[in-house]
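Undergrad: Okay, structure incoming, though there's no sequence with it:
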């Protein structure tokens, strides 16, 4: 804080840093636009007693994906309670940002200038109202009595697929790539003329009267943009080697300026292991260097994490440490995203449920699946407690990361060098796990194999892959790589049907629910599970409403309603007849926003691989997993 200038300019939930406003993202605040800075600038020195987020499976997955063994921790965002107090230590703690774009426009006189040019000032004098922070024009000729006119971000920036982000070169642009003949630092004006035929914004040089409209670099005029300078605005530097990617003109706030690349994992114990074993794995960084049991006595007195082991003796903890150390290392040679689903599937599908813990508690009704649903579900488990950890491993610009192949889109780094930690967040919640009968799914897969409908879906997937990725892959291109298979369509569609129905019953909005689909893999083709769970970023995240819907009477009612509602859509017959015929490349069939689509944070595959006809008989009963409703 300097004078009446406070550092805090806003607040976001921890989950926003994973999906919406993470490192490298431009955040459009009420009066200013800012960019979240890289990990090198995050400071935890003022945060006492902070602890890393413990989730060993996810930590190992981030190391494998980024190929960086330097990563030692998953850290929450720096935060302290009491940030609203002006003089408290918490008011100086938070995620660092920098104003971006670096050019501003006066809302009264339209003067356009860089922030560091001295034309604009900044005020943020109300500690409890950070949203009122703003830039203003110091010497505006149109100033009236009262506050000086506000200055807002000039709304054009440049980005490329390599993750670079830069200010638009207004001075060179208005002078046709050159400089002003009359002034070394000419005064510019930005005249936004509006209109409904795209951007109609004119840049004018006051010194030499040169004019140029931004329309010239939109659409087909993109070839008039300069070459990328390799600017990594969030890191405050430039790429050392020349960038060959084409620049694109973006509007501040464009949805494609930042896409998060994240990994998430449930805190589940390994099959057959106790709560103690799970906790040792969570805090393995604490135990990894211990050579004898004597180190435990010292650790109990000095390491805060050891408070979680008060129920166990040193001998029991040491035995768990030795067991963890003796386990063979996982194979790190496999390409693609690390496998975080296998361990979860093994726990949910095990005949004997693991011991209950604060992070993971499951319950299976002794009476089993309700009689009316035995042909639909093979197992029903109430997940009374779940903990999900999410890690931000990088981000992309202009093109979203592929959900199955992490290397198809260029990932921008979070730090200048090899990071020692990765930002993460954790949420606690509840859920319902449903396992479908293997015999039912196997018979259905044989029935739909080779049908015209399934072939249309396969061909659409090949076209999608070819159009998006064929030019990025060297060597042989397999258009069907990572095809999820027919089984995934059925499980994914049923999951969405249940989510939309559950949202009306359990008290959570559909955006507060998430799904994990455990579908067959080449190593384990008989996987057939759906986990629907809450992902609410508060202290506990459990209201009990979701778990209660797994009870016998409620589950029968919910399932019947979901399948019955799937028979009809207010967009029918257009929705019911939809198939991706050549040259279409969309990856869904009978599905739309009315009947199946859910929010982006809910669906694990971006509302792709959905088709009602594969679950209920909306046209051909032979294609439906459930040709007759329960």
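TA: Yep, it's here. Owing to the predicted nature of the structure, the values given are computational and were not obtained by experimental measurement.
Undergrad: Specify the residue ranges that define each domain of this protein.
TA: 16-56+76-251, 263-357+384-427, 431-471+479-623 (automatic domain parsing).
Undergrad: Quick one: closest of these to residue 369.
TA: Minimum separation from residue 369 across these (Cβ to Cβ) falls at domain 431-471+479-623, 8.5 Å. Heads up, the C-betas are built off the backbone N, CA and C, glycines and all.
Undergrad: just the helices in the stretch 101-250 of the chain please.
TA: Remark: helices assigned in the stretch 101-250 of the chain by DSSP state H, counting those that start in this stretch are 170-174.
Undergrad: number of nearby residues for residue 66?
TA: By the criterion of other Cβ atoms under 10 Å, residue 66 has 21 neighbours.
Undergrad: ugh, wrong one, residue 182
TA: Neighbourhood size, residue 182 [other Cβ under 10 Å]: 12.
Undergrad: Leaving aside the residues adjacent along the chain, what's closest to it?
TA: What sits nearest to residue 182 in space, not counting adjacent residues and going by Cβ to Cβ, 6 or more residues apart in numbering, is residue 207, at 4.3 Å.
Undergrad: What count of nearby residues applies to that neighbour?
TA: Neighbours of residue 207 under the rule other Cβ under 10 Å: 15.
Undergrad: Wait, it touches residue 187, no?
TA: Yes: with contacts counted by Cβ atoms under 8 Å, residue 207 reaches residue 187, the gap being 6.2 Å.
Undergrad: what about the longest strand seen in the chain, distance to the chain center?
TA: Longest strand in the chain by number of residues (criterion: DSSP state E): strand 379-396. Distance of strand 379-396 from its chain centroid, counting by Cα atoms, centre = their mean, to the nearest Å, is 12 Å.
Undergrad: Which SSE is immediately downstream of it?
TA: strand 421-435 (DSSP states H and E).
Undergrad: May I have the strands that pair with that following strand, each with its orientation?
TA: Using DSSP bridges, the strands paired with strand 421-435 are strand 73-75 (parallel), strand 379-396 (antiparallel), strand 528-534 (antiparallel).
Undergrad: Out of those strands, which one sits most buried?
TA: Highest mean neighbour count among these (mean count of other Cβ atoms under 10 Å): strand 528-534, with a mean of 24.
Undergrad: Give me the buried positions along the helix or strand following that strand.
TA: Counting by DSSP H and E, the element after strand 528-534 in chain order, helix or strand, is helix 545-548. Neighbour-count burial for helix 545-548, counted by 16 or more other Cβ atoms under 10 Å, picks out 546, 547, 548.
Undergrad: shaky segments in the stretch 301-450 of the chain?
TA: Across the stretch 301-450 of the chain, the ranges flagged by pLDDT under 70 are 328-335.
Undergrad: go on, the chain?
TA: Within the chain, the segments meeting pLDDT under 70 span 1-5, 83-84, 145, 194-198, 219-223, 271-274, 328-335, 470-475, 536-544.
Undergrad: residues near residue 601, how many?
TA: Residue 601 has 16 neighbouring residues, counting by other Cβ under 10 Å.
Undergrad: host element of it?
TA: Going by DSSP H and E, residue 601 is not in any helix or strand.
Undergrad: so the closest residue to it other than its chain neighbours, which of the three states?
TA: Spatial nearest neighbour of residue 601, excluding adjacent residues (Cβ to Cβ, 6+ apart): residue 511 at 5.9 Å. The local conformation at residue 511, judged by DSSP: H, G, I helix; E, B strand; the rest coil, is helix.
Undergrad: what residues are up against residue 511?
TA: Residue 511 sits next to 598, 599, 601, 602 when contact means Cβ atoms under 8 Å, 6 or more residues apart in numbering.
Undergrad: Could I get those residues in TSV, plus columns for distance to residue 192?
TA: Shown next, in TSV, are the contacts of residue 511 (distance: Cβ to Cβ, whole Å):
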residue	distance to residue 192
598	37
599	33
601	33
602	37
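Undergrad: residue contacts, the closest residue to residue 54 other than its chain neighbours?
TA: Closest residue to residue 54 apart from its sequence neighbours, by Cβ to Cβ, 6+ apart: residue 282 at 3.7 Å. Shown in contact with residue 282 (Cβ under 8 Å, 6+ apart): 54, 55, 56, 267.
Undergrad: In three-state terms, how would the closest residue in space to the third one that isn't next to it in sequence be classified?
TA: Using Cβ to Cβ, 6+ apart and skipping residues adjacent in sequence, the residue nearest residue 56 is residue 281, 4.6 Å away. Using three-state DSSP, the three-state assignment for residue 281 comes out as helix.
Undergrad: Could you measure from residue 189 over to residue 143?
TA: Going from residue 189 to residue 143 by Cβ to Cβ, to the nearest Å gives 16 Å.
Undergrad: try residue 532
TA: For residue 532, the distance to residue 143 (Cβ to Cβ) stands at 57 Å.
Undergrad: do the same with residue 409
TA: Using Cβ to Cβ, residue 409 is found at 47 Å from residue 143.
Undergrad: Looking at those two, which is more packed in?
TA: Neighbours of residue 409 and residue 143, each counted by other Cβ under 10 Å, are more numerous for residue 409; the result is 21 against 16.
Undergrad: show me the contacts for the more buried one.
TA: Residues near residue 409 by Cβ under 8 Å, 6+ apart: 161, 396, 399, 400, 401, 402.
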